[in-house]
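> Using only what follows, build the 3D model:
(one chain, ligands or ions: 2)
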Amino acid sequence: MDAIFILSGDFSAEKGKKGRGRDETTGVICIKVYNRKAFGGSGKLCGEQKELTVGRRGGKGGARKGARKEGRSEGKGGRKTGQERRPEKSELQSGRKNFFCGPKNSGRRVAVRGKLWYNRSMEKLRTDVHTHTTFSADGISPMEEMLKKAEEKELAFYGISEHFDYDYLVNGIPFYGGEEATYTDPDAYFPHARSLAAAYAGKLRVLVGGEFGYTDNRKAWTLYRELEEKYRPDFVVNSVHTNGKYDYSDSENRPYRNADGTLRPKSEAYREYFGFVRRSLDVPYGYDIVGHMTYCTRYAPYADRRARWEEFRAEIDSILCGIIARRKILEVNSSCRGAAGDFLPGRDILSRYYELGGRKLSFASDAHDVSRVADKRETVVKALRGLGFDRITVPCRGRHVEVEL
Ligand SMILES: [Zn+2]
Ligand SMILES: [Zn+2]
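Ligands and ions are numbered 1, 2, ... in the order given. Now for the predicted structure:
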């Protein structure tokens, strides 16, 4: 879809009405759909135009003040409402905050409240929030190279989420990556990532976060809380990697085997995994995203590795409803390692999430090297649109930024 939503119009040209009993004013703005060439030179309005009634909460005269401010930010001189003009590039890289909008003449003063975010290349997904670098034991490419690649791919938001595998630490699980491997050092990672994020300001929004490995062992919960208090990550991906003894990626497939080495039934091993994910929703540390749900399907030794909603309805519904109730974000992870599908979780689970009212989705390549930055985003966009989703959610310090798909 070659389309861009542009907010334009001029509040001051429209006489505002004071809301009854409220300190708010309404005016008219337009949301227009332009083609991409608008920024290459043609600037033609190519699509629909919708008028919305827009109000603005605030203190005394807040709405009028806000209106004039909006007018100024759009360029010199007054314009009449709805007047066409070529949008400026700078407008596309900034959001307008705290609008609440409703269809004109709907009789409802407030229909939708939230943030509008412009997206200048909507045919591509421009967020990748869950990636790693050499600060993680299994990271391959340095942070500088990953960010360069993210900029080349015209991402708007890029989230680094190094592994903090305290599930390994507290449960005494031998650390992966060989004898030389070390845990992510937060004293090295956070300052380095934040300085690079500052260097990319205005070009790419770099979020500095972490991926926390969930375990039932409460000692890890304390460590994660301490980490959050000290380093204040921009976002946290809460992921189940282990069953408390072995990683689900274990080379000997031990989470899927009995003590005598025989294979456990898939239903049993997967139900156990889903139990961990369900419990991971209730941790006392802060997190934003439920990472790679159905992670076990990446590595399971079964001929058919998929975890279908049909087979695990109760377990999956409990997780999806739990995510929705807690206002968390379900991750779509394009790292699948083979036969389980194009992304995790599968279409059937995402469809069920939508059906249950879930709308908050994040996109993650889970890249550990430059070749996988934003990997399969086109496939994911197509699939999500097909399922009815129209936005991707990006978490940042407790706020959720909605980016149009
Ligand atoms: Zn992970
Ligand atoms: Zn990861």
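
> quick one: the strands in the stretch 51-200 of the chain?
Defined through DSSP state E, counting those that start in this stretch, the strands belonging to the stretch 51-200 of the chain, from first to last, are 96-103, 112-116, 127-131, 157-164.

> Give me every residue in the chain lying close to ligand 2.
Near ligand 2, the residues belonging to the chain are E211, D366 when assessed by CB under 5 Å from the ion. For glycine as for every other residue, the C-beta is placed from the backbone atoms N, C-alpha and C.

> Least confident of the strands of the stretch 51-200 of the chain, on average?
Here the strands of the stretch 51-200 of the chain differ in mean pLDDT, and the lowest is strand 112-116 at a mean of 33.

> Find the residue ranges of the stretch 201-350 of the chain scoring beneath the pLDDT cut-off.
By pLDDT under 70, the weakly predicted segments of the stretch 201-350 of the chain are 338-340.

> just the stretch 51-200 of the chain next, same as before
Looking at the stretch 51-200 of the chain by pLDDT under 70, you get 51-124.

> Angles on the backbone of R326, please.
According to degrees, to the nearest 10, the main-chain angles of R326 amount to phi -90, psi 0.

> check contacts around it.
Applying CB atoms under 8 Å, 6 or more residues apart in numbering to R326 gives the contacts L281.

> which residues of the stretch 201-350 of the chain fall in strands?
Listed in chain order (using DSSP E, counting those that start in this stretch), the strands of the stretch 201-350 of the chain are 205-213, 236-239, 289-290, 329-333.

> Please dump the ones you listed into JSON lines; it should also carry mean neighbour count for every row.
Formatted as JSON lines, the entries for the strands of the stretch 201-350 of the chain read as follows, by neighbours: other CB atoms under 10 Å:
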{"stretch": "strand 205-213", "mean neighbour count": "25"}
{"stretch": "strand 236-239", "mean neighbour count": "25"}
{"stretch": "strand 289-290", "mean neighbour count": "28"}
{"stretch": "strand 329-333", "mean neighbour count": "25"}
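
> Mind putting the ones you listed into JSON lines with distance to W221?
Listed next are the strands of the stretch 201-350 of the chain as JSON lines, based on distance: least, CB to CB, whole Å:
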{"stretch": "strand 205-213", "distance to W221": "9"}
{"stretch": "strand 236-239", "distance to W221": "11"}
{"stretch": "strand 289-290", "distance to W221": "16"}
{"stretch": "strand 329-333", "distance to W221": "20"}
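
> If you tally nearby residues, what's the number for V370?
Here the number of neighbours of V370 (other CB atoms under 10 Å) works out to 17.

> I319 contacts L281, correct?
Yes - taking CB atoms under 8 Å as the contact criterion, I319 and L281 are neighbours in contact, 7.1 Å apart.

> neighbour-wise, which of those two wins?
When neighbours are counted by other CB under 10 Å, I319 and L281 differ, and I319 comes out ahead with 24 against 18.

> Next up, the contacts around that one.
The contact partners of I319, by CB under 8 Å, 6+ apart, come to F274, V277, R278, L281, V290, M293.

> wait, R194 sits on A201?
No - with contact taken as CB under 8 Å, R194 and A201 are classed as non-touching, separated by 11.0 Å.

> The two: which has the busier surroundings?
For the pair R194 and A201, the greater number of neighbours falls to R194 (15 against 9), based on other CB under 10 Å.
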